[in-house]
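**Q** can you look at this prediction? I've put the sequence above it.
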Amino acid sequence: MIIFGVDFGDTRTGWAVCDRSELMASPAGVLTEKSFQLCAEKTAQAAKDAKAERIVVGYPKNMDGSCGARAEKCEAFAKLLEELTGIQTVLWDERCTTVSAHQILNVTNTRGKKRKAVVDAVAATIILESYLAYRKNNADA
């Protein structure tokens, strides 16, 4: 199944996609868009263009597991994506993914403007990889 991963942000939204065999997730781009509606529409189109059969949206819970304003905004974004695409959309816990993305970029010595341009796609890839690992270990997922 082709799955499209999303790291939604107020300014930049990262995208990732996996292959049909669900073995590898790859960055698929970063959208710079401040309009909630336009971001959802462009993300929906990107998911359709990728022939996605499921969309996974990062769900930024607080470290204590509670949901704050950011998580609620991601819930609304995921709901709108599902309405726009007709593709099942899943919220996936993304705690610490941006930190992990920065650590990966530190290892690869990616700095400055290039780092800013890719960090959200790397975060989306981490979210998608986490979801794929879960699916591999849970047949009903």
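**A** Happy to help now that I have it. Numbers count the residues shown, from 1 in each chain.
**Q** quick one: the closest residue to Ser130 other than its chain neighbours from Ala78, how far?
**A** Excluding the flanking residues, the one nearest Ser130 by CB to CB, 6 or more residues apart in numbering is Trp92, at 6.6 Å. Heads up, the C-betas are built off the backbone N, CA and C, glycines and all. Note on Trp92: its distance to Ala78, by CB to CB, to the nearest Å, is 10 Å.
**Q** one more: Val6?
**A** 8 Å.
**Q** list residues touching both of the two?
**A** Ile55, Val57 (CB atoms under 8 Å, 6 or more residues apart in numbering).
**Q** of those two, who's got more company?
**A** Counted by other CB atoms under 10 Å, Val6 and Ala78 do not tie: Val6 has more neighbours, with 32 against 22.
**Q** now the common contact residues for Trp92 and Ala78.
**A** Val57, Tyr59.
**Q** which pLDDT value belongs to the residue nearest to Ser130?
**A** On the pLDDT scale, Trp92 is placed at 89.
**Q** just checking: what are the partner strands of the helix or strand where it lies?
**A** In the assignment (DSSP states H and E), Trp92 maps to strand 89-93. Strand pairing for strand 89-93, using DSSP bridges, gives strand 54-59 (parallel).
**Q** quick one, helices of the protein?
**A** 36-49, 69-85, 97-107, 112-137 (DSSP state H).
**Q** tabulate those (JSON lines), appending mean pLDDT and distance to Asp19.
**A** Below are the helices of the chain laid out as JSON lines (pLDDT from 0 to 100; distance: least, CB to CB, whole Å):
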{"stretch": "helix 36-49", "mean pLDDT": "98", "distance to Asp19": "15"}
{"stretch": "helix 69-85", "mean pLDDT": "94", "distance to Asp19": "20"}
{"stretch": "helix 97-107", "mean pLDDT": "59", "distance to Asp19": "20"}
{"stretch": "helix 112-137", "mean pLDDT": "78", "distance to Asp19": "10"}
